[in-house]
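# Curious how this folds, go ahead:
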Amino acid sequence: MRVGLIVYGNLNTISGGYLYDRQLVRHLREQGDEVDLISLPWVSYGRHLLHNLDRKLLQRLRDASYDVLLQDELNHPSLFLINRRLPSAARFPVVSIVHHLRSSERHKGVQLIIFRWIERLYLQTIDGFIYNSMTTQVAAETMLGRSRPHIVAYPAGNPFLAAVDRSYILKRVYSAGPLRLLFVGNLIPRKGLHVLLTALVQLAPDSWQLTAVGDPTLDPTYSRRIKKQAIASGFESQIAWEGQLSDAELTQKMADSHLLVVPSSYEGFGIVYLEGMGHGLPAIATTTGAAHEVIDDGETGFLIAADDAMTLAKRIQVLHEDRPKLARMSLSARERYKRHPSWEASMASVRHFLTGISR
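Numbering: from 1, shown residues only. Just a heads-up that it's a prediction; the model follows:
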């Protein structure tokens, strides 16, 4: 099978969506398929729209002899018109990998209307869909108004996991000292680190420590703001700002922590929650998006309303004060991870879907 894949920038970019795409490319190539990677430059949303006028890109797609063309849905502003200009007779099917819709995120009124309009035009050009969660599927089909050929194939966690067993988890939970919190996510407003910092103000200073892992360069203004927030709150010394880490370094941070806290305003899935569970970390996330498909509220973590810093503080305090509860949730989180489909199983199901739609 000859497959084309369109993404923005570098396929090795650190994010859940790019990890998903990399795992799919790896699996297809291991099965003997040829994957032609087409990388479009990262620019502003407005300049992405101009890609639709790129004659070289259009001609490259028209000349291609793919069995199927994959497109990361993130690229929708660059492709919503080009897709309509591809030959309609005997052309290859176009399949979109949808991690989450841009219009599902928070945006200001007019901006959201524009995003939703362009995204709908793009989705209408697609022959089939690969969804990373049922939540994402519902969001796309609500926008389209009907279902199209699709598959829901969940992401898995990072395969580089520490050897965290029951005895290790219990020893970690009952170790003396503050609750060791871990935040993992790019330092952008959607990930909700500012909400976590607001919650921590309400807790006793000696009850917690925070390690914040994430790229601060994607939104420098936000990164500066949250660091000023930490300084103004008087607990800068209790936070370790780690920036981006290697797989091995992140694995160690997860193995050393008690609780993963990423109160995003929206997640199409949330691979990081699953990865934390692999290390026996209960996760605190929000009720918006697909986190509920990963986290069982009160069993493997907690789900709170977005921006609800007060409830977030209460959940953290409960787990600090009630270590037996933390132990139960930590062990349940590890068991939940073990039951989750592997990358191999998920990507095999995607390949089966693609071979069917390409005929």
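# When you work out contacts or count neighbours from here on, use the C-alpha atoms and nothing else.
OK.
# Low-confidence bits of the stretch 201-350 of the chain, can you list those?
Within the stretch 201-350 of the chain, no stretch has pLDDT under 70.
# Mind jotting down where the strands sit in it?
208-213, 239-243, 259-261, 283-286, 301-304 (DSSP state E, counting those that start in this stretch).
# Please convert the ones you listed to TSV, extending it with mean neighbour count and distance to A230.
Formatted as TSV, the strands of the stretch 201-350 of the chain follow (neighbours: other Cα atoms under 10 Å; distance: least, Cα to Cα, whole Å):
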stretch	mean neighbour count	distance to A230
strand 208-213	21	11
strand 239-243	16	8
strand 259-261	28	16
strand 283-286	29	20
strand 301-304	22	22
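# Which one, of these, ends up nearest to Q124?
strand 283-286 (30.0 Å; Cα to Cα).
# What helix or strand is I97 located in?
Assigned by DSSP states H and E, I97 belongs to strand 94-98.
# Partner strands of that strand and their direction?
When pairs are called by DSSP bridges, strand 94-98 turns out to pair with strand 68-72 (parallel), strand 128-131 (parallel).
# how about those strands in TSV, adding distance to G356 and mean neighbour count?
Converted to TSV, the strands paired with strand 94-98 look like this (distance: least, Cα to Cα, whole Å; neighbours: other Cα atoms under 10 Å):
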stretch	distance to G356	mean neighbour count
strand 68-72	10	23
strand 128-131	11	24
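# now for the lengthiest helix in the chain, which elements pack on it?
Counting by DSSP state H, the longest helix found in the chain is helix 323-339. The helices and strands touching helix 323-339, judged by 3 or more Cα pairs under 8 Å, 6 or more residues apart in numbering; DSSP states H and E, are helix 166-173, helix 271-278, helix 309-321.
# V35 - how many residues pack around it?
By other Cα atoms under 10 Å, the residues close to V35 number 18.
# Could you pull up the residues touching it?
Residues near V35 by Cα atoms under 8 Å, 6 or more residues apart in numbering: R2, V3, G4, L5, V25, L28, R29.
# Next: A327.
Taking Cα under 8 Å, 6+ apart as the test, what A327 contacts is I169, L170, V173.
# If we ignore the residues flanking it in sequence, what's nearest the second one?
In this structure, L170 finds its nearest non-sequential neighbour in A327, 6.2 Å apart by Cα to Cα, 6 or more residues apart in numbering.
# all helices of the stretch 101-250 of the chain, in order?
Using DSSP state H, counting those that start in this stretch, the helices of the stretch 101-250 of the chain run over 109-123, 134-144, 166-173, 193-200, 220-233, 247-256.
# Just say which of those helices is most tucked in.
helix 193-200 (a mean of 22; mean count of other Cα atoms under 10 Å).
# Measure how that helix sits relative to helix 309-321, angle-wise.
60 degrees (axes from the mean of the first three to the mean of the last three Cα atoms, to 10 degrees).
# hmm, back to that, which stretch among the helices of the stretch 101-250 of the chain comes nearest T287?
Short answer: helix 134-144, nearest of those by Cα to Cα, at 11.5 Å.
# From the contact count, pick out the helices and strands touching that closest one.
helix 109-123.
# what's in contact with the helix it packs on?
So helix 109-123 is in contact with 76-77, 79-81, 83, 101-103, 106, 140, 143-144, going by Cα under 8 Å, 6+ apart.
# Scan these and report the most crowded one.
Among the contacts of helix 109-123, L79 has more neighbours than the rest - 27 neighbours, counting by other Cα under 10 Å.
# got the contact list for that residue?
Applying Cα under 8 Å, 6+ apart, the residues contacting L79 are L49, H51, N52, Y122.
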